[in-house]
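Visitor: structure, please.
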Amino acid sequence: MKKVKLAELAYARSGDKGDVSNIGLMAKTKNIYEFLTKVITPEKVKDYFGAEVKGGVEIYPVPHLDSLEIILRRALGGGATCTLRFDQTGKSRGPVLLGMEILVSEEMLEEARQAEKDIIKQYSVA
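Guide: Reported below is the predicted structural model:
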């Protein structure tokens, strides 16, 4: 097992609605998605963000997209129009979550690296 950043296994996109920040966490493969559904828990996400998230954390599986929808409540200091926070709209939450470290097998890490190469190859301009 090896400790890696979540960025090795997934992509993320984030935003907001009022004082709620949401993160879409997209696994690089179906196998990695299945793994993430077991290891990315509301408690782990809440601990990772610490005092930044004052409310609850909810995680919803989106299996047809190999993704998790993560909801962070009371996470933006009241919302974009009334907060003094630097990132009023939660756009940085996804990249921050990708810094979380988790333990993975060497095989899964290699699977993620190969998937990344395949994605780059598929969308590169020849």
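
Visitor: show me which helix runs longest in this protein.
Guide: helix 106-123 (DSSP state H).

Visitor: which parts of that one are buried?
Guide: Burial within helix 106-123, assessed by neighbour count using 16 or more other CB atoms under 10 Å, is assigned to 108-109, 111-112, 115. Just so you know, the C-beta spots here come from the backbone N, C-alpha and C atoms, and that holds for glycine as well.

Visitor: list the helices and strands it packs on?
Guide: In this structure, helix 106-123 packs against strand 2-5, helix 30-39, with contacts taken as 3 or more CB pairs under 8 Å, 6 or more residues apart in numbering; DSSP states H and E.

Visitor: so which bits of the helix or strand following the longest one are buried?
Guide: Under the assignment DSSP states H and E, the closest C-terminal helix or strand after helix 30-39 is helix 42-49. Along helix 42-49, the positions that meet the burial threshold by neighbour count (16+ other CB under 10 Å) are 45, 48-49.

Visitor: specify which member of those is nearest to residue 100.
Guide: residue 48 (5.1 Å; CB to CB).

Visitor: so what's the closest one up against?
Guide: Counting by CB atoms under 8 Å, 6 or more residues apart in numbering, residue 48 touches 97, 100.

Visitor: mind checking how far it is from residue 101?
Guide: 9 Å (CB to CB, to the nearest Å).

Visitor: and the residue nearest to residue 7 when sequence neighbours are not counted, what does it touch?
Guide: Leaving aside its sequence neighbours, residue 7 sits nearest to residue 98 (CB to CB, 6 or more residues apart in numbering; 3.9 Å). Applying CB under 8 Å, 6+ apart to residue 98 gives the contacts 5-7, 10-12.
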